[in-house]
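Participant: Model the following, please.
(2 chains)
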There are 2 protein chains.
Amino acid sequence: MDMPKPSKHVFDAAIALAKRDDDTYTGHTSPAYGNMVGPFGGVIGATLLNAVMSHPALLGDPLSLTVHYAAPIADGDFTVHAKAVRTNRSTQHWFIELIQADEVAAFGTAVTAVRRDTWSATDANFPEVPPADGIKPAPAIPRAAWTSCYDMRFIDGGLDTPDTDGYPSQSRLWIRDEPPRPLDFLSLSAISDAFFPRIFVRRRTWVPIGTVALTTYFHADAAQLSAQGSSSLLGIARGLHFGKGFFDQSAEVWSADGALLAATHQVVYYKE
Amino acid sequence: MDMPKPSKHVFDAAIALAKRDDDTYTGHTSPAYGNMVGPFGGVIGATLLNAVMSHPALLGDPLSLTVHYAAPIADGDFTVHAKAVRTNRSTQHWFIELIQADEVAAFGTAVTAVRRDTWSATDANFPEVPPADGIKPAPAIPRAAWTSCYDMRFIDGGLDTPDTDGYPSQSRLWIRDEPPRPLDFLSLSAISDAFFPRIFVRRRTWVPIGTVALTTYFHADAAQLSAQGSSSLLGIARGLHFGKGFFDQSAEVWSADGALLAATHQVVYYKE
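Facilitator: Presented below is the predicted three-dimensional model:
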């Protein structure tokens, strides 16, 4: 008798691609990761990265990923084109497009690289914070379905608390996939876009927003990510400047034992 | 009698493009901005941005610029292709390629946007530092010609001083074009790449390095940049993590009166 096949994690289902040719893949949006308008951007970015990681010409592991959210993405099917623009001895540069209705709805660039052991140091500060276990998960936000796909435990800077540890647009939180899923580059790229828009924290009110472009730098290799299992990661996000309709925010994603796994930056449109 | 025509600033000569058609421009590298290997990356990024800003379809001002340094750039001619990937009501997304010998040597993405007055705030900290006037310019580095095209006055974290204000990879400096040139998006994009690789400051030694990809977010509009004239800007650059052959660094570029003009991030290859 056949054993029942384990069902696919909701994240893997959301970023799944079917290969049409080496450079071309098809996928579809996932209601589980719906946002207020269109899908959660982190899953779109992970889908673009998934095309790169599925490509037969891939060299090395992801080093950087830039995603442009060029237009609203409609619920339904899309096509992804991934092309190695330039391949060097140990680095490879990629251009990726997500097409809907014959137009580019999102696109991105990536660098993949073969990593080798070198001198290393971390200058960003790993903060002293209470462990995830002692903090209650924040409730999901009903109008943003994707928030129920993450377990988020706020140390400070949650949407319902005025405490931001003295930095007015900062949040610090433990975060992992819900249900738990072993960490890899794909889920880490999505988590890097899972920090609430800083203007919500800064102004303690909702305003219409939309991420315009995001860049993530990966500081871990596949083995280091795999070793995390499904543990909660520490995220620290801060806004830098808000003005003339756009703000930028930067975030760090740390392992519980103090390894900086990713640094991520984005520029976001806001109204008013 | 004709007045002598004022000669073009060395920066404008370096980023100059000749139009072939709306999407296609030609240019050439400038010895004045030579680096240890190939041209200074900041001038290449500014050249890509110049193609966008020269394009007849341009909407608004630069909001973000991502540049991939995909391969070494040889001294000599190149072609630049700039294409508006998607144009919305107030934002426009661009893809730009720099071609040499029929291969992509550098490429980038950009967002331009129509900026409107909104609520605004700056959460990044403008530090208390001595004014540029009281600090001696750092000597140019002979093997990096481009350094003589900037007036850099280090408050701390210079290459010849161990003081980094307690943050081991930080530099704070006043910087402007040399000779002085009125600030605009093009020169600001180049200045955003003019911070020495953090590993030189961190390790107090030279190692082979190369910027892989850079992203800059612009927080000012054209009028605000123009109002700066040729004043020195305050730059603050820090490394976050160094490991497995790559590090990332982030920098802020401030006006002397405390306006955050740009935030910039890059990932850099290093050997050993």
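
Participant: rest of the way, CA atoms for contacts and neighbours
Facilitator: OK.

Participant: Give the ranges of residues in the stretch 151-272 of chain A that sit below the confidence cut-off.
Facilitator: For the stretch 151-272 of chain A, no stretch has pLDDT under 70.

Participant: Give me every residue in it lying close to chain B.
Facilitator: Residues of the stretch 151-272 of chain A found near chain B, taking CA under 8 Å from any CA of the partner chain as the criterion, are A:167-169, A:213, A:215, A:217, A:219, A:239-248, A:260, A:267, A:271-272.

Participant: repeat that with 6 Å
Facilitator: Within the stretch 151-272 of chain A, the positions near chain B by CA under 6 Å from any CA of the partner chain are A:Leu240, A:His241, A:Phe242, A:Gly243, A:Lys244, A:Gly245, A:Glu272.

Participant: So the fifth one is in contact with B:Ser120, correct?
Facilitator: No. In this structure, A:Lys244 is not within contact of B:Ser120 by CA atoms under 6 Å, at 7.1 Å.

Participant: okay, those two: which has more neighbours?
Facilitator: Remark: of A:Lys244 and B:Ser120, A:Lys244 carries more neighbours, 20 against 13, as counted by other CA atoms under 10 Å in any protein chain shown.

Participant: What are the neighbouring residues in contact with that one?
Facilitator: B:Arg115, B:Arg116, B:Asp117, B:Thr118 (CA atoms under 6 Å, 6 or more residues apart in numbering or on different chains).

Participant: Now with 8 Å, please.
Facilitator: A:Lys244 makes contact with B:Arg115, B:Arg116, B:Asp117, B:Thr118, B:Trp119, B:Ser120, according to CA atoms under 8 Å, 6 or more residues apart in numbering or on different chains.

Participant: Restricted to strands, list the residues of the stretch 151-272 of chain A next to chain B.
Facilitator: Among these, the members falling in strands (DSSP state E) are A:Leu240, A:His241, A:Phe242, A:Gly243.

Participant: how about CSV for the residues you listed, with neighbour count and distance to A:Ala223 added?
Facilitator: Listed next are those as CSV, based on neighbours: other CA atoms under 10 Å in any protein chain shown; distance: CA to CA, whole Å:
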residue, neighbour count, distance to A:Ala223
A:Leu240, 22, 33
A:His241, 25, 36
A:Phe242, 25, 38
A:Gly243, 20, 41
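
Participant: and the one helix or strand A:Val43 maps to, what does it pack onto?
Facilitator: Taking DSSP states H and E as the definition, A:Val43 sits inside helix A:41-54. In terms of contacts (3 or more CA pairs under 8 Å, 6 or more residues apart in numbering or on different chains; DSSP states H and E), helix A:41-54 is packed against strand A:61-69, strand A:77-87, strand A:91-100, strand A:103-113, helix A:185-191.

Participant: Apart from its neighbours in sequence, what residue is nearest A:Ile173?
Facilitator: That one is not Ile; residue A:173 is Leu. A:Phe154 (4.2 Å; CA to CA, 6 or more residues apart in numbering or on different chains).

Participant: That neighbour and A:Ala138 touch, don't they?
Facilitator: Yes. Using CA atoms under 8 Å, A:Phe154 is in contact with A:Ala138, at 7.0 Å.

Participant: Those two: which is more packed in?
Facilitator: A:Phe154 (22 against 17).

Participant: Contacts only, for the more buried one.
Facilitator: A:Ile135, A:Pro137, A:Ala138, A:Ser171, A:Arg172, A:Leu173, A:Trp174.

Participant: mind checking which helix or strand it is in?
Facilitator: Going by DSSP H and E, A:Phe154 is in strand A:150-156.

Participant: Strand partners (parallel or antiparallel) of that strand?
Facilitator: strand A:171-177 (antiparallel) (DSSP bridges).

Participant: What values do phi and psi take at A:Gly76?
Facilitator: The phi/psi pair for A:Gly76 (degrees, to the nearest 10) reads phi 140, psi -160.

Participant: Surely it touches A:His28?
Facilitator: Yes. At 5.2 Å, A:Gly76 and A:His28 qualify as touching, with contact defined as CA under 8 Å.

Participant: Mind checking which of the two has more residues around it?
Facilitator: A:His28 (19 against 12).

Participant: With adjacent residues omitted, what lies nearest to the more buried one?
Facilitator: That would be A:Asp77: by CA to CA, 6+ apart, it lies 4.1 Å from A:His28.

Participant: And A:Val10, by the same measure?
Facilitator: That would be A:Ala32: by CA to CA, 6+ apart, it lies 7.4 Å from A:Val10.

Participant: same thing with A:Gly158?
Facilitator: Nearest non-adjacent residue to A:Gly158 (CA to CA, 6+ apart): A:Ser171, at 6.3 Å.

Participant: Name whatever forms a beta bridge with the one you found.
Facilitator: A:Ala237.

Participant: Contact partners for it?
Facilitator: A:Phe154, A:Ile155, A:Asp156, A:Gly157, A:Gly158, A:Thr164, A:Val201, A:Gly235, A:Ile236, A:Ala237, A:Arg238.

Participant: From those residues, pick the one nearest A:Asp61.
Facilitator: A:Gly235 (21.9 Å; CA to CA).

Participant: Which element, helix or strand, includes that closest one?
Facilitator: Going by DSSP H and E, A:Gly235 is in strand A:233-243.

Participant: with the ones in strands among the residues of the stretch 151-272 of chain A next to chain B in mind, which one is nearest to B:Gln92?
Facilitator: Looking across those and measuring by CA to CA, the closest to B:Gln92 is A:Gly243, at 18.3 Å.

Participant: OK, contacts around the nearest residue to that closest one once chain neighbours are set aside?
Facilitator: Excluding the flanking residues, the one nearest A:Gly243 by CA to CA, 6+ apart is B:Ser120, at 4.3 Å. Counting by CA under 8 Å, 6+ apart, B:Ser120 makes contact with A:His241, A:Phe242, A:Gly243, A:Lys244.

Participant: mind checking the SS state of A:Gly210?
Facilitator: Here A:Gly210 is recorded as strand under DSSP: H, G, I helix; E, B strand; the rest coil.

Participant: buried set for stretch A:111-128?
Facilitator: Along stretch A:111-128, these residues count as buried under the neighbour rule (16 or more other CA atoms under 10 Å in any protein chain shown): A:Val111, A:Thr112, A:Ala113, A:Val114, A:Arg115, A:Thr122, A:Asp123, A:Ala124, A:Phe126.

Participant: mind checking how far the closest residue to the last one other than its chain neighbours is from A:Val80?
Facilitator: Leaving aside its sequence neighbours, A:Phe126 sits nearest to A:Gly258 (CA to CA, 6+ apart; 6.0 Å). The span separating A:Gly258 from A:Val80 equals 35 Å under the rule CA to CA, to the nearest Å.

Participant: Neighbour count for these two, which is higher?
Facilitator: Legend: neighbour count by other CA under 10 Å for A:Gly258 and A:Val80, higher for A:Val80 (26 against 15).
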